[in-house]
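Asks: please work out how this folds:
(chains A and B)
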Amino acid sequence: MQAFTIRPPPESVPQVSRGSRPAGLSSLRTDRPKSWCPVDLSSTSWTTRPALLWYDLGQVSRGTRVPHLSDPVLMCLQYPPGLSPQAGSIVSMSVSFSYKYLALFTDTGHLWTGLSSLQERLSEVDTKRTARPKQMLWCRRPRAQQPSVVLMWDRLLLVVGACNDTIQFPLEDESVLVAELDGVRIIGPSSQELLQEVPVVCQDIFKIASMAPGALLLEAHREYEKSSQKADEYLREIKEQNVLGDAVRQCVEAAAHEYDPDTQKALMRAASFGKCFLTEFSAEEFVTTCRELRVLNAVRERGVGMPLTHTQFKQMTLQVLIDRLVYRQLYPLAMEICRYLKIPDYQGVSRVLKHWASCKVQQKDLTDEAIARAVCAKVGDSPGVSYSDVAAKAYECGRTELAIKLLDFEARSGEQVPLLLKMKRSQLALSKAVESGDTDLVYTVVTYLKNEMNRGDFFMTLRNQPVALSLYRQFCKLQEPQTLKDLYNQDDDHQELGNFYVTASYREKRLEGRLSQLQGAVDEYNKAKNDFAAKATEDEMRLLRFQRKLDDEKGAGLLGLSLQATMEALMSLGLHKQAEQLYRDFRVPDKRFWWLKLKSLAEKEQWEELEKFSKSKKSPIGYLAFVEVCMKNNNRYEAKKYVSKVTPEQRVKAHLAVGDLEGAADAAIERRNEAEMAAVLSRCAASDRLVVDKLNRARASGAKK
Amino acid sequence: MAHSARRDSPELPDLSLLKRLVRDQLIYLLEQLPGKKDLFIDSDLMSPLDRIANVSILKQHEVDKLYKVEYKPISSISDQLCFLIRPRIPTVKWICDVVNADKAAGKYRRYKIIFTPQKFYACEAVLEEQGIFGDVTTDEWAFYLLPLDDDIISLELPEFFRDNFLAGDQRWVRTAGSALHLLHSLFGPFSKVYGIGRCSKMTYESWREQVEEGDQKPRLAEIGNVFLIDRDVDFVTPLCSQVVYEGLVDDIFRIKCGCVEFGTDVTSSEKSIKVMLNSKDKVFNEIRNEHFSNVFGFLSQKARNLQIAYDKRQGMDIKQMKAFVSEELKGLKQEHRLLTLHISASESIMKKKTKQDFQELLKTEHCLLEGFEIRECVSFIEEHINRQVSMIESLRLLCLLSVTENGLLPKDFRSLKAQYLQSYGADHLLTFSNLKQLGLLVEQQPGETLTVMESKVGKLVNDRTAGKLTDAFSSLAKKSNFRALSRKLNLVPKSDEEYDLRVPRDMAYIFSGAYVPLSCKLIEQVLERDGWTGLEEVTRLINGHEFAVTGSSGADFKPKSDAQRIILVMFLGGCTFSEISALRFLGKEKGYKFIVVTTAITNSSRLLEALLDNHV
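Replies: From the prediction side, this is the model:
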């Protein structure tokens, strides 16, 4: 082998046939090659470079020369091994379907066959025809016994085997040959034929006087059908050789290769017959072959016209077969096959339906309604068929209405929305998004609408979709408070507007701003007929003004405090008059005011004031409160002053609060209250013997009565 | 309280699997940003994160410094910043500010935002609006579920309640659905799903959708049944004061993410102590579900036992002593430590709760539940407000009054609210507006009740429109119908019988025998009846949306298997520790095991704080 690199071509060299010739070659030769063909390198050692490989041949003095090119700049010259120098120059060449074998035809009529790597020669035959054949093709099958080359001249077909034998077939019509995986197809003007090496297994069975197990089994079954006892003899013979399993397998395999349904049936029946005498024989292959044959027979029908061989079918797989049927729009057959072979829906029926539906929506002569109905009736809710995909297709073909109708069938709302938006059906998109329950989807549509529509329409749209509205409100609360107000305005939601102003008032630093916001709130609350809120807000405004005034006058630091806190602060500053003014102005309940004043005075230990206060009028909170608050501020002396004023019901409690057990006991006994006496007793220690005795006596006498 | 407990309670599935899964995912996400990086964490994610991956795990994956998100300019000098946040707009905006500030200063860094448990389109929209969408990478950490204990799982989403029930924002529904889906794929397939409430229904639908999208491998179920319940089905229960130990501890000390911080008054030292409260704490595990009145007795018994164990040392020879020290002493010491802690916690609770006020508070609550002496209750509440006892407590009583009485009388409604505003400021107008919207604090409607109107209307129009109308009505004024429900379901046991809290006879023990929590009662009834049949009146009073669905996987449905007695209860909007205690009790009685999934642990304070709108 010679290898050398070639410089890039100089510009002056004319390019002969652009595109079909690698640039590197042109620098070596400028004339047209007499013959060439591509060779897939995947079968040779250059696995990494699946490039075209040229075989060029020249007129170089001593015979032929084949440049072997794997790369535009890397080329080697090679001679086919064993090609005699007298053979002449190569005029035609052909590689096998598998790219493994090469055939060369020379101008002296010699046919050289060998490996396409040019490493080995298979044979060299003199065809005795010097005319260049119209076509030259390999006729092989995987694991072929007899690889052969088919040559065609006008009206003549010549088959040349590796064994130097030739067969001639006359051709009636002008034909074209096509090399296929396992044979050569001969296509004439009105028919097609397949030229193929007979599979070994078929040879074994159908050879005259064959003694192969399959042949015997077939014969046995034939006799059995005739009710002849010869059946038993044949069967016995097979069994004796212990090859019944092989026989069945052979029959099944041969059936797969046969084209005539009757022959297929005969073979399968024989296999089935043989199977009866076998235990532990897996029927799987038998069943699969049966099914596949039915499928193959179906597609071989004249109306379908796919004359596939079993080998080809296995090679291209069922998926591809279905695809091809789909591309030919043979949907019913494709679906029938899917169902028959029980292919999972999403690979089988659904996939076909999807294609069908996409095709259906393009039918211009049908109304939208009719198509939608037809699609729905067929597709139903088959898993894996997405109505939105079909609808997208319809939209692509300009049938928006149809697309919308189809989208209605889509179960997953999420799938409907993007297409609806694309079709500018935004309202519909919004309601579908809401239906989906996916808030992100709703939000996507809302943002889209916001940019697409004018504000009024946008708000109106939202108004009809509470879910979208709340979502948008949440967003506005954080991002666009002003929009929120507009939203409420649109809806005449005065209550929320009032709340909005109240919220806004807290953001105002200046009192004036705050008051004006609150005034806004009052107006809205009034419109909302919420007089409680209006009144409360007005009070708040009044309070704020009051606080401001006092802050200015006395520097009290009241602004923003609650009414209670304000009064507390005033009292602790000793501004009782002002506190009382608030009490009257704001109609503070008496109880609240009394509690407040009581606590405040006690905390400041203004006991005289407190006593005066207690006498100002009858306490609305009772006098036990006085006792307890005084005790809380650690003044038992003051506390005792109020014990007598306490109502009889609470007197025991009051006595106990100041720690006067005796008083408590007396009060309890006086009231003859068992529970109270017990309560007092529980507080007595061992040292309080006198009290305990007194109580026990009272209880005893009480019990007597 | 093991008097009638069934002996064959099934084993709970191992929930720690959930932790391992999310930890691995977090590590994967951190490794997506190779090299040293600073990690910013949303403050409320700190504790949950700590339960998943501690600082040393984070450090192992090249997290340099940890910061809390504080909405302030950052001081980090790292050139890679990673943000671990909840999908909230303010946080995203803050990140935008950080990035834009860097841009202005000409600083180049890499930024990664990890949203947990998922990202929202709105967050991405903010990134886009602020012009930094291209500068940051975003990711999702599917941290849906945090197991707080063997039988409690939390989504740790307290905002679920306000967002969903108040604002009508349904964005968390899908999150809840995903959480359920996760549990289903790990511990399912569920054979029965029951539920009540609108949000439950939507969550269920979201989950179903996710189930249909993916394919479930056939496996043996570990959890058989699911019960979904909305918080707004039962507001009464979380508004009541809790008196079971765990609930009390939560009310007083606030349990955060399964962990409580006992202050100095409990520890009687200068430092406060953080304690994990779960079934691993043996002392706690035995008292958590007990009524508080039993806790002291139990603890002192425990202390005596402990002393006896210690006393064994007397009269031991050297060899025995050695064995004792190596085998038992450590356990005893540990138990001793915990015992001391719980005793002082109980003492601290006693100090706060045995006061006169608390007894009266409980009495008022019980009266409200029974519908007895309502005028006295109103005066008590009025005084409570006037004396400014507690902002939240007063609000709680107001709400409890409204919910149990189907609204306040117009006169009380005005005067109590006015007094509350005087006490705590006019800004609570907004709080009232929120409470009204939720139906927690409303005015009694004169005349015909809405429910009657609804049923009349419902007869006239078909189901679908009726549903819409019901929604419309319920947004006008939600009615609790508590009194009627209480009668139907016998929620308030007759008060004349003495209730022995040491031997609880029903779930009412968690409220001192005064009230069976409505939520738990519904669960009990539905499980008993295997559906809602016979409860039509009840569901109508609750305002419906109930459902019961038998799972599709009918093939492996074995009603007798253990998994069928494990029930997942999902509370949408939060549940209280009292409810969990009640369910544990129910489980013991009936031979079930409950696993509680909640959007967050709640109690009356948390519930109401979520609804405040004051601007202090």
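Asks: okay, residue 25: pLDDT?
Replies: This is for chain A. pLDDT for residue A:25: 43.
Asks: the intended chain is chain B.
Replies: Looking at residue B:25, its pLDDT reads 90.
Asks: measure it to residue B:281 for me?
Replies: Distance, residue B:25 to residue B:281, by CB to CB, to the nearest Å: 29 Å. No exception for glycine: its C-beta is placed from N, CA and C like everyone else's.
Asks: again, but for residue A:616
Replies: Using CB to CB, residue A:616 is found at 57 Å from residue B:281.
Asks: swap in residue A:608?
Replies: Distance of residue A:608 to residue B:281, given as CB to CB: 56 Å.
Asks: what do you get for residue A:446?
Replies: 49 Å.
Asks: looking at these two, which is more packed in?
Replies: Between residue A:446 and residue B:281, counting by other CB atoms under 10 Å in any protein chain shown, residue A:446 is the more crowded of the two (25 against 18).
Asks: can you pull the phi/psi pair for residue B:274?
Replies: Note on residue B:274: its backbone torsions stand at phi -100, psi 130 [degrees, to the nearest 10].
Asks: which residue, other than its chain neighbours, is closest to the closest residue to chain A within the stretch 1-150 of chain B?
Replies: In the stretch 1-150 of chain B, the residue that lies nearest chain A is residue B:121 (4.1 Å; CB to the nearest CB). Distances taken as CB to CB, 6 or more residues apart in numbering or on different chains place residue A:440 nearest to residue B:121, at 4.1 Å, with adjacent residues excluded.
Asks: same check on residue A:636?
Replies: Leaving out its chain neighbours, the residue that sits closest to residue A:636 by CB to CB, 6+ apart is residue A:658, at 5.7 Å.
Asks: separation between that neighbour and residue B:432?
Replies: Distance from residue A:658 to residue B:432, counting by CB to CB: 41 Å.
Asks: equivalent analysis for residue B:104, please.
Replies: Residue B:104 sits 44 Å away from residue B:432, going by CB to CB.
Asks: which of the two has more neighbours?
Replies: residue B:432 (23 against 8).
Asks: the more buried one: what's it in contact with?
Replies: Contacts for residue B:432 (CB atoms under 8 Å, 6 or more residues apart in numbering or on different chains) come out as B:417, B:441.
Asks: for the residue nearest to residue A:636, what are phi and psi?
Replies: Dihedral angles of residue A:658 (phi, psi; degrees, to the nearest 10) stand at phi -90, psi 0.
Asks: with residue B:39 instead?
Replies: For residue B:39, the backbone dihedrals (degrees, to the nearest 10) come out as phi -110, psi 130.
Asks: what residue ranges in chain B are flagged as low confidence?
Replies: B:1-8, B:215-217, B:354-356, B:446-480, B:495-497, B:551-560, B:614-616 (pLDDT under 70).
Asks: grab the longest helix from it for me.
Replies: helix B:330-353 (DSSP state H).
Asks: quick one: that one near chain A?
Replies: No. Helix B:330-353 lies out of reach of chain A by CB under 8 Å from any CB of the partner chain, never closer than 16.0 Å.
Asks: packing partners for that helix?
Replies: Packed against helix B:330-353, as judged by 3 or more CB pairs under 8 Å, 6 or more residues apart in numbering or on different chains; DSSP states H and E, are the following elements: helix B:245-253, strand B:259-262, helix B:264-267, helix B:282-287, helix B:292-311.
Asks: same thing but at 7 Å, please
Replies: Secondary-structure packing of helix B:330-353 (3 or more CB pairs under 7 Å, 6 or more residues apart in numbering or on different chains; DSSP states H and E): helix B:245-253, helix B:264-267, helix B:282-287, helix B:292-311.
Asks: quick one, which of those gets closest to chain A.
Replies: Evaluated with CB to the nearest CB, the helices and strands packed on helix B:330-353 place helix B:292-311 nearest to chain A, the distance being 17.1 Å.
Asks: just give the number of residues close to the one residue in the stretch 51-200 of chain A that gets nearest to chain B.
Replies: Among the residues of the stretch 51-200 of chain A, residue A:181 lies closest to chain B, at 36.9 Å counting by CB to the nearest CB. Residue A:181 has 17 neighbouring residues, counting by other CB under 10 Å.
Asks: equivalent analysis for residue A:500, please.
Replies: When neighbours are defined as other CB under 10 Å, residue A:500 has 23 of them.
Asks: what of the one 10 residues further on?
Replies: Residue A:510 is surrounded by 8 other residues when neighbours are defined as other CB under 10 Å.
Asks: one more: residue A:358?
Replies: Residues lying near residue A:358 (other CB under 10 Å) number 17.
Asks: what do you get for residue B:505?
Replies: Neighbour count of residue B:505, defined by other CB under 10 Å: 16.
Asks: quick one: secondary structure of it?
Replies: Three-state assignment for residue B:505 (DSSP: H, G, I helix; E, B strand; the rest coil): coil.
Asks: could you measure from the nearest residue to it once chain neighbours are set aside over to residue B:511?
Replies: Closest residue in space to residue B:505, ignoring its immediate chain neighbours: residue B:499 at 7.8 Å, by CB to CB, 6+ apart. Distance, residue B:499 to residue B:511, using CB to CB: 10 Å.
Asks: swap in residue B:423?
Replies: Going from residue B:423 to residue B:511 by CB to CB gives 28 Å.
Asks: between the two, who's got more neighbours?
Replies: When residue B:423 and residue B:511 are compared for neighbours, residue B:511 comes out ahead with 26 against 21, by other CB under 10 Å.
Asks: nearest residue to that one other than its sequence neighbours?
Replies: Sequence neighbours aside, residue B:240 is the residue nearest to residue B:511 in space, at 5.8 Å (criterion: CB to CB, 6+ apart).
Asks: show me what contacts the one you found?
Replies: Residue B:240 is in contact with B:365, B:511, B:515, counting by CB atoms under 7 Å, 6 or more residues apart in numbering or on different chains.
Asks: what parts of chain B come near chain A?
Replies: B:89-90, B:120-122, B:125, B:167-171, B:173-174, B:202, B:205-206, B:383, B:386-388, B:414, B:417-419, B:421-427, B:429-430, B:433, B:615 (CB under 7 Å from any CB of the partner chain).
Asks: quick one: buried ones out of those residues?
Replies: Buried members of these, scored by 16 or more other CB atoms under 10 Å in any protein chain shown, are B:89, B:120-122, B:125, B:167-171, B:173-174, B:202, B:206, B:383, B:386-388, B:414, B:417-419, B:421-427, B:429-430, B:433.
Asks: what about the stretch 301-450 of chain A, any weak spots by pLDDT?
Replies: A:380-384, A:411-414.
Asks: and it, which residues reach chain B?
Replies: A:437, A:438, A:439, A:440, A:443, A:444, A:447.
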